[in-house]
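Peer 1: make a model of this:
(2 chains)
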Amino acid sequence: TRHLKTLALTLGNCHGQKIYMRSPPIPEMATQEVQLNETLAHLKTESETLKSKLEEERAKLHDVELHQVAEKVEGLGQFVMKTRRTLKGHGNKVLCMDWCKDKRRIVSSSQDGKVIVWDAFTTNKEHAVTMPCTWVMACAYAPSGCAVACGGLDNKCSVYPLSLDKNENLAAKKKSVAMHTNYLSACSFTNSDMQILTSSGDGTCALWDVESGQLLQSFHGHAADVLCLDLAPSETGNTFVSGGCDKKANVWDMRSGQCIQSFETHESDINSVRYYPSGDAFASGSDDATCRLYDLRADREVAIYSKESIIFGVSSVDFSLSGRLLFGGYNDYTINVWDVLKGTRVSILFGHENRVSTLRVSPDGTAFCTGSWDHTLRIWA
Amino acid sequence: MKEWNIKCVNSFSMEKVIVAMQDPDMGMKMRNQRLLITVIPHAMTGRDVIDWLIQKYNICEEEALHVGGMLVRYGYIYPLKEPRSLVLRADETPYRFQTPYFWTSTRWPASELDYAIYLAKKNIRKQGELMEYEKERYSLLHKRINHTWDFVVMQAREQLRASKQRRKADRIVLECQEQAYWLINRPPVRSLTLHYSAVLYHTIESCRRALGRNRVKSSICLEGFVKFSEQYQNHDPIMQGCLPSNPWISDDTAHWTMNSEIVPVPTRLRVERWSFSFMELLNDPIGRREFMTYLEKEFSAENLCFWQACEDIRHGESSKIIQKVEDVYKNFLAPGAARWVNIDSKTMDKTLEGIKHPHRFVMDDAQLHIYFLMKKDSYPRYLKSDLYKNMLAKAIVPQETKKSVFPFMRRQRHSSPSPAQAVTQVTEEDGRAMGAGKAGTNSAAGSHV
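Peer 2: Numbering: from 1, shown residues only, chains lettered A, B, ... in the order given. Okay, here's the model as predicted:
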């Protein structure tokens, strides 16, 4: 406080007039801050100790590398994949897309608030909705094919039932389901049209009942924005994985809300997470320009997919049907195709004229779709 | 907070490349470039850049052009002749490296960075001059923007050096102004600390839980990936193609028609997949129907019916849960129930207790018990049964469509009925989804893809 008084005097002298300042922090607050400091230091130490112990335990059972096990597997030949459809219609950056279970329809969303449903096979637009907000970062197709969910800077996730009545205004039947305190980064229906899982810039994920809008479960544990999520294709169907700006990928139990596994090996934000088709592992894509594979039974990272010449972040990843290939959409406008087992890059695909922001393989694995900041979507096969 | 409009590159990696390019031994060979009558030192040609990238990263010309192009676009290298044309030309066009001060990575949320620089300056000027609350924030910031800390220190030093050249009076004024500004505008540490400690609690808890888990040896897990990929390789259209043809490539939807939800005769690959795992069988509507037929023959169909009813509770409307739980109890669990399922007494007791306060997951344990019962017992026997073997024998193996004689003639791309159509034709009750992949099964109209 003495220091501050001197400051006020000096300022007064310099400028020849009074300078009004907010009142300085009261001494009490300083003590509270010191106490918090001590607790913080103690927690930090405990956290670091436990983390090293965990790494030790994980390393004990790591007896072989993936590429070693994959030595006996036949290598992949030349890979030819081309753009088979280009979907033009968005007036701004495409941010997200999802496939319909019918294997040919898709929903996409963009920065200008437009959400479009396409028959990607014919490239016809079937439905279009303009959201009241910009940056619609998340969209998802309902399993029945009868509705779509979307959201973004409005901090909400809304469900639109799809009507074939040309005169019907889709926006009229809109249903607000999820409410977060920051932007919606991703959303996904669970096994039915009745529940939606969301992730948000507010650092949480949440499970919602579509009918009532009720919050069924919330998931806390990320230290910063959560950017992506994916549901596990497991027999018991009760878990999902999320990735965030805190460089962590967390696996959650949907019933209890607990974080059951956590992985922190990326060096920057995790933009995308996707389960391996068997459900025993998941891949992640990050701003650190790498994709990584994490095995859930071994409880560790088992592969890194990177190349020195790849210097831009990965926005989106997905596996081919057999899990042998991993497709990554990158911020340098390209798509890199990786051999999951051998760890090598099999192909690099050019075509988009701006960042690839979203990438999903079709439900039957016949193609994958990319959305880009160049306003278009492309189907590759 | 993720900066959606600014943060688009991993500056870390880009800067690594630039630093490597300027390495005295392995970096690029620089020369003097003649620009009209001026000689510009420390320049290189576009061709030099590409050749260096090709050699260093073992990539092809197209990729090197692409990577190099990015370096120009983001300002790490700039062209000498046409400064506004941010393109890398693979010829004698001259380029130069940009000074670090102007690197893209410096365009961060200004306040945090500026505050960090301010604190760094204070720290450098007189060791230990930082107040308690400033030390606190300094260390928190150091953690948050650690990757750009070299820049922070560099900037602090630069600014201190520049300020030394000012008159003493001016210098003091500026210092005071700065101090006053940050006194008012410093980011509140209380919220930072509380948030940080909550995160630490979570980390500690999840670490403790993780330490208690059983882990599987890497060799076993990784072998699993090899086996899985091998098993599914023939079913992966991108890897092996698909029969009769990939619709996206040939414009022919026959592949989809043959593999619709419900067809008179499924394809061979599809029936084969039922043998890969119990989940594959149950996820396929035809597979599930076949399995039900088999169970009926064995008089254990109530197991599958019970499992389906439980799925319905788990994934259905919240408002119908209580009613559905009651129905399930009446039909499957009550003593003397018409389709009584055989669950062990411990699970049964727990379930009956839970039914008193029904919720979405109340049937989970019982459902899992029956699931594993079917998986271990009925499923393997089904795969050995005549029912399955006949299904496999009469399954279709589509003929590969020969490429069109006239490759320039494009097939007409036919549209398909939208799944959304199903809702308008059936009753509301049937319209809800009944689990994965049952889009519009109840609709009578037309064929579905």
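
Peer 1: before we move on, which element is the spatially closest residue to A:Ser286 that is not a sequence neighbour in?
Peer 2: Of all residues not flanking A:Ser286 in the chain, A:His266 sits nearest, at 4.4 Å (Cβ to Cβ, 6 or more residues apart in numbering or on different chains). For glycine as for every other residue, the C-beta is placed from the backbone atoms N, C-alpha and C. For A:His266, there is no enclosing helix or strand under DSSP states H and E.

Peer 1: run a quick neighbour tally on A:His266.
Peer 2: The local packing of A:His266 (other Cβ atoms under 10 Å in any protein chain shown) involves 23 other residues.

Peer 1: contact partners for it?
Peer 2: A:Lys247, A:Ala249, A:Ser284, A:Ser286, A:Asp288, A:Thr290, A:Arg292 (Cβ atoms under 8 Å, 6 or more residues apart in numbering or on different chains).

Peer 1: so who does the second one touch?
Peer 2: With contact taken as Cβ under 8 Å, 6+ apart, A:Ala249 is in contact with A:Val241, A:Ser242, A:Gly243, A:Ser262, A:Phe263, A:Glu264, A:His266, A:Ile270, A:Val273, A:Phe282, A:Ser284, A:Tyr294.

Peer 1: going by distance to B:Asn146, which of the contacts of A:His266 wins?
Peer 2: A:Lys247 (11.6 Å; Cβ to Cβ).

Peer 1: near residue 93, how many other residues are there?
Peer 2: Here I'm looking at chain A. 19.

Peer 1: think we crossed wires, I meant chain B
Peer 2: Residues contacting B:Thr93 under the criterion other Cβ under 10 Å number 19.

Peer 1: I'd say it and B:Thr45 touch.
Peer 2: Yes - counting by Cβ atoms under 8 Å, B:Thr93 touches B:Thr45, with 6.3 Å between them.

Peer 1: of the contacts of A:Ala249, buried ones?
Peer 2: A:Val241, A:Ser242, A:Gly243, A:Ser262, A:Phe263, A:His266, A:Ile270, A:Val273, A:Phe282, A:Ser284, A:Tyr294 (16 or more other Cβ atoms under 10 Å in any protein chain shown).

Peer 1: flag the shaky bits of chain A, pLDDT-wise.
Peer 2: By pLDDT under 70, the weakly predicted segments of chain A are A:1-38, A:166-167.

Peer 1: next, count neighbours for the residue in it that chain B sits nearest to.
Peer 2: Closest approach between chain A and chain B, counting by Cβ to the nearest Cβ: A:Gly145, at 2.6 Å. Counted with other Cβ under 10 Å, the neighbours of A:Gly145 add up to 25.

Peer 1: same check, this time on A:Ala171
Peer 2: Using other Cβ under 10 Å: A:Ala171 sits among 13 other residues.

Peer 1: quick one, phi/psi of the residue positioned nearest the centre of chain A?
Peer 2: When chain A is reduced to its mean C-alpha position, the nearest residue by Cα atoms, centre = their mean turns out to be A:Cys228, at 1.8 Å. Torsion angles at A:Cys228 (phi, psi; degrees, to the nearest 10) stand at phi -160, psi 160.

Peer 1: ok, now A:Glu301?
Peer 2: phi -70, psi 130.

Peer 1: isn't it right up against A:Ser262?
Peer 2: No - counting by Cβ under 8 Å, A:Glu301 does not reach A:Ser262; the two are 11.8 Å apart.

Peer 1: now the helices for chain A?
Peer 2: Under the criterion DSSP state H, helices of chain A are mapped to A:2-15, A:27-60, A:66-69.

Peer 1: about what we covered before: how about the residue of chain A closest to chain B: what's its closest non-neighbour residue?
Peer 2: A:Gly145 sits nearest to B:Pro419 (Cβ to Cβ, 6+ apart), 2.6 Å away.

Peer 1: locate the one you found within the secondary structure: which element?
Peer 2: Using DSSP H and E, no helix or strand contains B:Pro419.

Peer 1: now do B:Gly27
Peer 2: Using DSSP H and E, B:Gly27 falls outside every helix and strand.

Peer 1: please look at it and B:Met21 and confirm they touch.
Peer 2: Yes - here B:Gly27 lies in contact with B:Met21, judged by Cβ under 8 Å, at a distance of 5.2 Å.

Peer 1: common neighbours of those two, please.
Peer 2: B:Trp52.

Peer 1: and these two? which has more neighbours close in?
Peer 2: B:Met21 (22 against 15).

Peer 1: just the pLDDT at that one, thanks.
Peer 2: Per-residue pLDDT puts B:Met21 at 86.

Peer 1: measure it to chain A for me?
Peer 2: Using Cβ to the nearest Cβ, to the nearest Å, B:Met21 is found at 12 Å from chain A.

Peer 1: check contacts around that residue.
Peer 2: Contacts of B:Met21 by Cβ under 8 Å, 6+ apart are B:Gly27, B:Met28, B:Val49, B:Trp52, B:Phe97.

Peer 1: now the two most distant members of these.
Peer 2: Going by Cβ to Cβ, the pair spanning the contacts of B:Met21 furthest: B:Trp52 and B:Phe97, at 12.6 Å.

Peer 1: any stretches of the stretch 251-400 of chain B with poor pLDDT?
Peer 2: For the stretch 251-400 of chain B (pLDDT under 70), the answer is none.

Peer 1: how about it: which residue is closest to chain A?
Peer 2: For the stretch 251-400 of chain B, Cβ to the nearest Cβ, closest residue to chain A: B:His315, 3.8 Å.

Peer 1: dihedrals phi and psi, that residue?
Peer 2: B:His315 adopts backbone torsions of phi -110, psi 0, taken as degrees, to the nearest 10.

Peer 1: B:Ile313 too?
Peer 2: phi -70, psi -50.

Peer 1: could you pull out the strands for chain B?
Peer 2: B:31-35, B:38-45, B:77-79, B:94-97 (DSSP state E).

Peer 1: between these, which has the poorest mean confidence score?
Peer 2: Looking at the strands of chain B, the bottom one is strand B:31-35 with a mean of 69.

Peer 1: by proximity to chain A, which residue of chain B wins?
Peer 2: B:Pro419 (2.6 Å).

Peer 1: quick one: that residue and A:Lys101 touch, right?
Peer 2: Yes - counting by Cβ under 8 Å, A:Lys101 is a contact partner of B:Pro419 at 7.4 Å.

Peer 1: these two: who's more crowded?
Peer 2: B:Pro419 (24 against 20).

Peer 1: with adjacent residues omitted, what lies nearest to B:Arg209?
Peer 2: According to Cβ to Cβ, 6+ apart, the nearest residue to B:Arg209 is A:Ile260 (6.9 Å).

Peer 1: how about A:Gly285, what does it touch?
Peer 2: For A:Gly285, the contact set (Cβ under 8 Å, 6+ apart) comprises A:Ile270, A:Asn271, A:Ser272, A:Val273, A:Cys291, A:Gly313, A:Val314, A:Ser315, A:Ser316, A:Val317, A:Gly328, A:Gly329.

Peer 1: report the beta-bridge partners for it.
Peer 2: A:Ser272, A:Cys291 (DSSP bridges).

Peer 1: same question, A:Leu231
Peer 2: On the basis of DSSP bridges, A:Leu231 is bridged to A:Phe240.
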